[in-house]
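Trainee: got a predicted structure here, sequence first:
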Amino acid sequence: IAQQGGGDISFPIILTVNGHILHNHEYHNELKNGQLLLVDCGAETAMGYAGDRTSTMPVAGKFTSMQNDIYQTVLDSYNTAVHLLKPGISYKEVHIKAVESIANSLIDLKILKGNPSDVVEQGIHALFMPHGLGHMLGIDVHDMENLGEDLVGYNDHIKRSTQFGLKSLRLGRELEQGFVLTVEPGVYFIPELIKKWKSEGKFKDSINYSLLEKEYLTFGGIRIEDDYHITSKGYELLGEPLPRGIKEIEAIRERAIGE
């Protein structure tokens, strides 16, 4: 489809039932009911401009109850971030608000304990979202970063953090009219990282390790991603809207299974 439009794919496609493995390019798994399929891909136009969008859907027609809860967690974070986009706000602040939303939902689900802002300040949430909220987008999918990621995403008064998770935020500076960027929150259950943190006793009073080991080690991961242009007063979505709501996605999956 990308080539039919005169361009190509903008980066190697991520299409995986192991969404908790970031940048996974292994395509040889068999899809099974009960799994989640994550697809992160983009088309590059004939002029070279790159797209980068991610959807996550159930292999079966419907999300399980647990998948429903985590998908809604990610969707709430995505909506929180999008509604904050405007010139003048730092993308670091948008990231913080997005992960506070995730922390709040995981507290409601008894996975975490505590106050959302405290959880984020300590970096506890990064067990579940170890990457940044997004990056600049343009004639490369990570636009201009070959010049130096910090030169593009940061400035003299907004510096990159050294904290796990937050240090992976590629874009932290204030947004300006004309910026094009991605918004891509996610929640991932990474067995190796969960086991490592538990063995080290990290945040043992704030993380419900017993629940994670009992219910979530084979869950995988969920990410939602779209591309936005910063306008004079706010933002605009680039490209046609993709189905994001749970009922919308389930309806598409059920139609596909029926066909």
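Mentor: Nice, thanks for sending it over.

Trainee: let me see the contact set for F189.
Mentor: Residues in contact with F189, defined by CB atoms under 8 Å, 6 or more residues apart in numbering, are H20, F128, L212, Y216, L217, F219, G220, G221. No exception for glycine: its C-beta is placed from N, CA and C like everyone else's.

Trainee: residues contacting the residue nearest the centre of the chain?
Mentor: For the chain, the residue nearest the mean C-alpha position is P185 (2.8 Å; CA atoms, centre = their mean). P185 is in contact with V74, S77, Y78, A81, A98, V99, I102, M129, L133, R223, I224, counting by CB under 8 Å, 6+ apart.

Trainee: ok, V152 next?
Mentor: Contacts of V152 by CB under 8 Å, 6+ apart are M136, D143, M144, E145, R170, L171.

Trainee: give me the number of neighbouring residues for the closest residue to G165 other than its chain neighbours.
Mentor: Using CB to CB, 6 or more residues apart in numbering and skipping the chain neighbours, the partner closest in space to G165 is A126 (2.6 Å). Using other CB atoms under 10 Å, A126 has 20 other residues around it.

Trainee: could I get the pLDDT score of A126?
Mentor: For A126, the pLDDT comes out at 98.

Trainee: tell me where the stretch 101-250 of the chain has strands.
Mentor: Along the stretch 101-250 of the chain, counting by DSSP state E, counting those that start in this stretch, strands occupy 180-183, 186-189, 220-223, 226-230, 235-237.

Trainee: still on that earlier bit, the contacts of F189, buried ones only, as a PyMOL selection?
Mentor: What follows is the PyMOL syntax selecting those of the contacts of F189 that are buried according to 16 or more other CB atoms under 10 Å:
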select buried, resi 20+128+212+216+219+220+221
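
Trainee: wasn't A256 part of a helix?
Mentor: Yes - judged by DSSP: H, G, I helix; E, B strand; the rest coil, A256 forms part of a helix.

Trainee: okay, it: pLDDT?
Mentor: A256 carries a pLDDT value of 90.

Trainee: cool, E26 as well?
Mentor: 81.

Trainee: rewinding a little: closest one of the contacts of P185 to W197?
Mentor: M129 (14.0 Å; CB to CB).

Trainee: from M144, how far out is that closest one?
Mentor: Plainly put, M129 is 24 Å away from M144 if you go by CB to CB, to the nearest Å.

Trainee: next: V74.
Mentor: For V74, the distance to M144 equals 28 Å [CB to CB].

Trainee: re the thing from before, can you put the contacts of P185 in TSV and add pLDDT?
Mentor: Shown next, in TSV, are these (pLDDT from 0 to 100):
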residue	pLDDT
V74	98
S77	98
Y78	98
A81	98
A98	98
V99	98
I102	98
M129	98
L133	98
R223	98
I224	98
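
Trainee: count the neighbours of the nearest residue to G5 once chain neighbours are set aside for me.
Mentor: Leaving aside its chain neighbours, G5 sits nearest to A43 (6.4 Å; criterion: CB to CB, 6+ apart). Counted with other CB under 10 Å, the neighbours of A43 add up to 20.
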